[in-house]
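Peer 1: for reference, the sequence and a predicted model appear below.
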Amino acid sequence: MIPVEEAQNKILSFIKVLEPEKKAILDCLGQVLAENVFSAIDIPPLDNSAMDGFAVRAEDTYGATSNTPILLPVVDQVAAGYIASKKVTPQTAIRIMTGAVIPDGADAIVQFEDTDEIARKNTGDDQTSIGIVKQATKGQHIRRKGEDISKGAMVLPKGTMLHAAQIGVLASLGYSDITVIRRPTVAVLVTGDELLDIGQPLSPGKIYNSNAYSLAAQILWYGGKPKILGIGRDSFEAINQKIDSAEGCDMLITSGGVSLGDYDVVKEVLAKRGKIELWTVCMKPGKPSAFGTITVGNKKILHLGLPGNPVSSMVTFEQFARPAMFKMMGRNDIEKETIQAIMDDDVINSDGRRIYLRVIVSKRDDTYHARITGPQGSGVLTSMSKANGLAIVPENTSGVKAGDVVKVQILD
């Protein structure tokens, strides 16, 4: 058995970043920029108002109070997207909306709240003038040209992950599409004669194929494109045929067929079609995990052989498949987010492997606590459905006691 980190590093050493693709910006959410993004424009393109109010000369408002308002004639009004037809001359004002270009001659915006506009409307007073009840300062409530982004500036560097805000920035620059590292296509093959496709009637000795769907969902969750190959029956020929349909994929994940059983034939297929680089990892659940390369069509692709038990399959995906996918996508957040939490339960480590406990993490009095979700057997899939973290019991220890502080990987 090899340590988890050694297995992770071995797997990552075989992986290269995938090639770029150009796509519509909204389709790039969660992908990584493959180019530097520069701005061809200033944002905002011109000085504009940050408030609904009145464009004025600040010096014309000096001394204004609610008791001694300064009355200014309103000579024009301008909405966002338009240019005022007149200038602000001494002792005048122009009514202006948020985002509208600052009229020539103005150097401040007085917001509506600092005028008597509402009182005038309520009393039916003349709207051709406005009373300023609070003096303004130069530059007040004005957004300057290029204040956010200046023309020619590099706005988003290559390697940036595109979240909602970055998509918005691209749109503000006028980009309709952009070049990003493409998403990996990951084939999923679940093996075993005991498996049935969902929708089939359940018969004695059979179980539904849940692993294909949990693994495909994990692939989707982390930004990949899953391709479910179906069920590989426990024969060399059947599994070979299924693997052939993974042509064009970037990685093959199999579940089952990598332990010591007589019917675990995935290792045999790997040996003939590729190369096994590692097998068995010092972890629980997930000890019978394998990694290598396999030839599909005329291309060698990565292969991760995960255990067949549902929890083992999902936990090993988190430790090995997720980092592999992230490296393919050019992401730099390969290590999983962790926190420190106080265990609420005693856990015995009986065989010296690293244990990944399914736990519910909650906060009490500003301290994180972790409690196990119930039975921790590798076939108890509901223990994963209840968990929001994986608490780590270190290898070569006797376990942890309630009150001990442990590291917890956050699952969502």
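Peer 2: Yep, that arrived.

Peer 1: need the CA coordinates for stretch 326-339. PDB is fine.
Peer 2: This file holds the C-alpha atoms of stretch 326-339, laid out as PDB (Å, rounded to 0.1, in the frame of the first residue of the first chain):
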ATOM      1  CA  PHE A 326      -8.800  20.100 -12.000                       C
ATOM      2  CA  LYS A 327      -5.300  19.800 -13.400                       C
ATOM      3  CA  MET A 328      -6.700  19.000 -16.900                       C
ATOM      4  CA  MET A 329      -8.800  22.100 -16.700                       C
ATOM      5  CA  GLY A 330      -5.900  24.300 -15.700                       C
ATOM      6  CA  ARG A 331      -7.200  25.000 -12.200                       C
ATOM      7  CA  ASN A 332      -4.800  25.900  -9.400                       C
ATOM      8  CA  ASP A 333      -7.100  24.900  -6.500                       C
ATOM      9  CA  ILE A 334      -6.200  21.300  -6.700                       C
ATOM     10  CA  GLU A 335      -6.000  20.700  -3.000                       C
ATOM     11  CA  LYS A 336      -9.400  20.200  -1.400                       C
ATOM     12  CA  GLU A 337     -10.600  22.800   1.100                       C
ATOM     13  CA  THR A 338     -10.200  21.700   4.700                       C
ATOM     14  CA  ILE A 339     -11.100  23.000   8.200                       C
END
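
Peer 1: what does that stretch contact?
Peer 2: 12, 15-18, 31-32, 34, 159, 161, 181-184, 222-224, 250-251, 318, 322-323, 361, 368, 389, 407-410 (C-beta atoms under 8 Å, 6 or more residues apart in numbering). C-betas here are computed from N, CA, C, even on glycine.

Peer 1: how about that stretch: buried residues?
Peer 2: Neighbour counts over stretch 326-339 (16 or more other C-beta atoms under 10 Å) mark Phe326, Lys327, Met328, Met329, Gly330, Arg331 as buried.

Peer 1: now, which of those lie within helices?
Peer 2: Assigned to helices by DSSP state H, the following of these qualify: Phe326, Lys327, Met328.

Peer 1: from the buried residues of stretch 326-339, pick the one nearest Gly297.
Peer 2: Met328 (18.6 Å; C-beta to C-beta).

Peer 1: for this protein, name the helix or strand with the lowest mean pLDDT.
Peer 2: Least confident element among the helices and strands of the chain, by mean pLDDT, DSSP states H and E: helix 266-273 (a mean of 78).

Peer 1: what's it packed up against?
Peer 2: In terms of contacts (3 or more C-beta pairs under 8 Å, 6 or more residues apart in numbering; DSSP states H and E), helix 266-273 is packed against helix 236-244, strand 274-279, strand 290-296, strand 299-306.

Peer 1: residues of it that come out buried?
Peer 2: Buried, per 16+ other C-beta under 10 Å, within helix 266-273: Val266, Lys267, Val269, Leu270, Arg273.

Peer 1: same deal with stretch 186-205?
Peer 2: Neighbour-count burial for stretch 186-205, counted by 16+ other C-beta under 10 Å, picks out Val186, Ala187, Val188, Leu189, Val190, Thr191, Gly192, Leu195.

Peer 1: hang on, the earlier thing: what is the nearest of the buried residues of helix 266-273 to Cys282?
Peer 2: Using C-beta to C-beta, the buried residues of helix 266-273 come closest to Cys282 at Lys267, 18.7 Å.

Peer 1: contacting residues around the closest residue to Gly63 other than its chain neighbours?
Peer 2: Leaving aside its sequence neighbours, Gly63 sits nearest to Gln135 (C-beta to C-beta, 6 or more residues apart in numbering; 6.3 Å). When contacts are counted by C-beta under 8 Å, 6+ apart, Gln135 touches Ala58, Thr61, Tyr62, Gly63, Ala64, Thr65.

Peer 1: for Gln135, helix, strand, or coil?
Peer 2: Following DSSP: H, G, I helix; E, B strand; the rest coil, we place Gln135 in the coil state.

Peer 1: how close does it get to Lys86?
Peer 2: Note on Gln135: its distance to Lys86, by C-beta to C-beta, to the nearest Å, is 23 Å.

Peer 1: also Gly230?
Peer 2: For Gly230 relative to Lys86 (C-beta to C-beta), the value is 73 Å.

Peer 1: what do you get for Gly139?
Peer 2: Gly139 sits 21 Å away from Lys86, going by C-beta to C-beta.
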